[in-house]
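A.B. asks: sequence plus the predicted model coming up.
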Amino acid sequence: MLKKEKKYTYFEAGEGTPIIVLHGLMGGLSNFEAVADFFPKNGYKVVIPELPLYTQNILKTNVKAFSKFVKDFIIYKGYDKVILLGNSLGGHIALYHAKMYPELMKGLVITGSSGLYESGMGESYPKRGDYEYIKKKSEDVFYDPKVATKEIVDEVFATVNDRIKLIKTLTIAKSAIRHNMAKDLPNMQTPTCIIWGKNDKVTPPEVAEEFNKLLPNSELFWIDKCGHAAMMEHPDEFNRLLLHWLEKNNI
């Protein structure tokens with residue numbers, strides 16, 4: 001059940017320290033179903049806001065504006081400090097948020113995050129009318145192509161064939177490339193959990209190693225036989241690793 005208040009639409013469950021989940025460019029809130037089910041049973045509040053990827057003015061369609069949207073949401077909800085969990089573009093927004101508003105951060109979790117390396121994000125989708133091409137691109141996100149259900153492929157196909165959404169998708173992709181975080185990461189002290197698929201083709205394993213090297217307070221965990229969206233492809237393993245890290249660091 002989604003709540004709608006003012007300009008915010010979000011899912012919320014549980015009580016405790018808020019884990020705010022940030023979805024990716026082509027990812028819906030349902031990608032985090034297992035996270036939303038597991039963590040409220042373990043003493044955390046899970047909140048998944050819809051990011052205004054396609055609804056904001058084109059001048060506010062960028063990583064910086066989205067991280068400000070997250071900050072405004074945290075303040076609106078009256079949270080003290082939060083854990084931000086982001087996949088893909090959501091990870092990038094979470095990283096930028098940690099750079100700009102460290103006082104609001106208790107912990108940071110990134111998986112398949114952009115911010116250092118963008119492969120295929122800046123493509124112009126030359127074959128956007130070609131369903132089989134989009135199906136193959138969607139399957140490439142996962143180690144097991146069967147995870148890319150017809151529902152997922154249909155959603156991506158609809159997005160890239162919507163002219164306004166396509167323009168905004170490309171605007172966001174360019175913004176992600178522009179907002180490279182390499183110089184910022186060594187100055188960011190927020191405790192960071194990096195969970196990465198060993199078979200990620202979108203943000204390959206060396207990207208995770210680079211994040212871990214540059215972030216001063218990070219720990220890296222691998223999931224085998226796993227692509228770009230670990231929380232979808234191996235939800236139990238993802239939840240186990242994250243809970244272990246949170247407990248170990250008393251977050």
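C.D. replies: Cool, the structure landed. Note that the structure is predicted; figures quoted are calculated from it, not measured. Numbers count the residues shown, from 1 in each chain.
A.B. asks: just the pLDDT at the residue nearest to Thr169 when sequence neighbours are not counted, thanks.
C.D. replies: Of all residues not flanking Thr169 in the chain, Leu25 sits nearest, at 6.4 Å (CB to CB, 6 or more residues apart in numbering). In short, each C-beta sits where N, CA and C put it, glycine included. pLDDT recorded at Leu25 is 82.
A.B. asks: likewise for the one 5 residues further on?
C.D. replies: If you check Ser30, the pLDDT there is 79.
A.B. asks: that one and Lys71: what is the separation?
C.D. replies: Going from Ser30 to Lys71 by CB to CB, to the nearest Å gives 25 Å.
A.B. asks: ok, Ile134 next?
C.D. replies: Where Lys71 is concerned, Ile134 sits at a distance of 34 Å (CB to CB).
A.B. asks: please apply the same query to Leu53.
C.D. replies: 17 Å.
A.B. asks: mind checking the SS state of Ile83?
C.D. replies: Using DSSP: H, G, I helix; E, B strand; the rest coil, the structure places Ile83 in strand.
A.B. asks: number of residues surrounding it?
C.D. replies: Applying other CB atoms under 10 Å, we find 25 other residues in the vicinity of Ile83.
A.B. asks: next up, phi/psi of the spatially closest residue to it that is not a sequence neighbour, please.
C.D. replies: In space, and not counting its chain neighbours, Ile83 is closest to Gly107: 4.2 Å by CB to CB, 6+ apart. Main-chain dihedrals, Gly107, degrees, to the nearest 10: phi -160, psi 160.
A.B. asks: kind regards, and thank you for your time.
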